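>>> this one's sequence-less:
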């Protein structure tokens, strides 16, 4: 009996150490990839578009997540958790910055969904009124609200711990369930509704194109030669551009939901095994790694600019001339 308990304890400790090391590596990779993404967008004129402003905002939140993950797990791996608990400023700061990053990521996802719905539904209004500068200004309330909610939860956690019980660390407590969970659920509902509406608009437009555009003979099309893209073609290009942000939302939902469910169960219903909790926490952070590969695979201009500097200019110009991507221009 004692041997079995000892074996289970050893296996659990080994798994915890593996998760810590994997988290340290993941945090470092997240910081490198997303910092490069921010620099790429900032230094490439062709990428300073409204849609890429949101990409940059997500990358900034991911840099914060990766930094805190790397630092916190490194401190834990080196055995300095007690020092962090005793250092009030470091403990509160780590907790607040971590929550700010996660809240900003959640609210930015909502802002992207609303923006893309406006872009698809009212393209003329969008092009004449929405600029990269205005998108940057619109992100200020997102970050302000995120920071405010993080400060609120930090204060609640500190008050809930009472005197002499240490300072809050990077894992949210029971009080966060009453703030984080509702924000997450509402954000997912809004984002899901926006993308569902985009799908309906796309389907309706596709049916309209099929009904209004008879197939022309091949010879007639050849005689006409190349022409400027029609409104239908431009709409189709905009819809294709939705794929990137739809995949981003899907990855966000898949990575965040398990942690939100497990965290709520652990804090309000029954204790969840630490192994399950750590896996869900790792998956939560893994979402910050996924965003850049998604951008690289589905955004041609971003992919070309992200590559080696010696190939950037020529290949980026080739891509713009070849694709004429309306979505990236928005």
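Good, I have the coordinates. Worth saying up front: this structure is predicted, and the values here are computed from it rather than measured. Numbers count the residues shown, from 1 in each chain.
>>> what ranges do the strands span in the chain?
For the chain, applying DSSP state E gives no strands.
>>> hey, where'd the helices end up in it?
2-43, 50-78, 81-86, 88-121, 123-129, 132-161, 174-212, 218-224, 231-268, 274-298, 300-306, 309-323, 326-329 (DSSP state H).
>>> make JSON lines from the ones you listed and add mean pLDDT to it.
Listed next are those as JSON lines, based on pLDDT from 0 to 100:
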{"stretch": "helix 2-43", "mean pLDDT": "79"}
{"stretch": "helix 50-78", "mean pLDDT": "89"}
{"stretch": "helix 81-86", "mean pLDDT": "66"}
{"stretch": "helix 88-121", "mean pLDDT": "87"}
{"stretch": "helix 123-129", "mean pLDDT": "88"}
{"stretch": "helix 132-161", "mean pLDDT": "85"}
{"stretch": "helix 174-212", "mean pLDDT": "83"}
{"stretch": "helix 218-224", "mean pLDDT": "47"}
{"stretch": "helix 231-268", "mean pLDDT": "82"}
{"stretch": "helix 274-298", "mean pLDDT": "90"}
{"stretch": "helix 300-306", "mean pLDDT": "86"}
{"stretch": "helix 309-323", "mean pLDDT": "49"}
{"stretch": "helix 326-329", "mean pLDDT": "46"}
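>>> mind checking how far residue 21 is from residue 78?
In this view, residue 21 and residue 78 are 12 Å apart by Cβ to Cβ, to the nearest Å. C-betas here are computed from N, CA, C, even on glycine.
>>> give me the more crowded residue out of these two.
Neighbour count, other Cβ atoms under 10 Å: between residue 21 and residue 78, residue 21 has more, with 13 against 10.
>>> so that one makes contact with residue 77?
Yes. Under the criterion of Cβ atoms under 8 Å, residue 21 makes contact with residue 77 at 6.9 Å.
>>> my guess is residue 146 meets residue 103, correct?
Yes. Counting by Cβ under 8 Å, residue 146 touches residue 103, with 3.8 Å between them.
>>> so these two - more neighbours on which side?
Remark: of residue 146 and residue 103, residue 103 carries more neighbours, 25 against 22, as counted by other Cβ under 10 Å.
>>> surely that one and residue 187 touch.
No. With contact defined as Cβ under 8 Å, residue 103 does not count as touching residue 187 (9.5 Å).
>>> okay, now residue 197: neighbour count?
With other Cβ under 10 Å as criterion, residue 197 counts 15.
>>> so who does the closest residue to it other than its chain neighbours touch?
Leaving aside its chain neighbours, residue 197 sits nearest to residue 117 (5.8 Å; criterion: Cβ to Cβ, 6 or more residues apart in numbering). By Cβ atoms under 8 Å, 6 or more residues apart in numbering, the contact list for residue 117 reads 194-195, 197-198.
>>> could you tell me which of those count as buried?
By neighbour count, with 16 or more other Cβ atoms under 10 Å, the contacts of residue 117 hold 194-195, 198 as buried.
>>> would a markdown table of those residues with distance to residue 179 be doable?
As requested, these are arranged in a markdown table below (distance: Cβ to Cβ, whole Å):
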| residue | distance to residue 179 |
| --- | --- |
| 194 | 23 |
| 195 | 25 |
| 198 | 29 |
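>>> among those residues, which one lies nearest to residue 258?
Distance to residue 258, by Cβ to Cβ, is smallest for residue 195 among the buried ones among the contacts of residue 117, at 20.7 Å.
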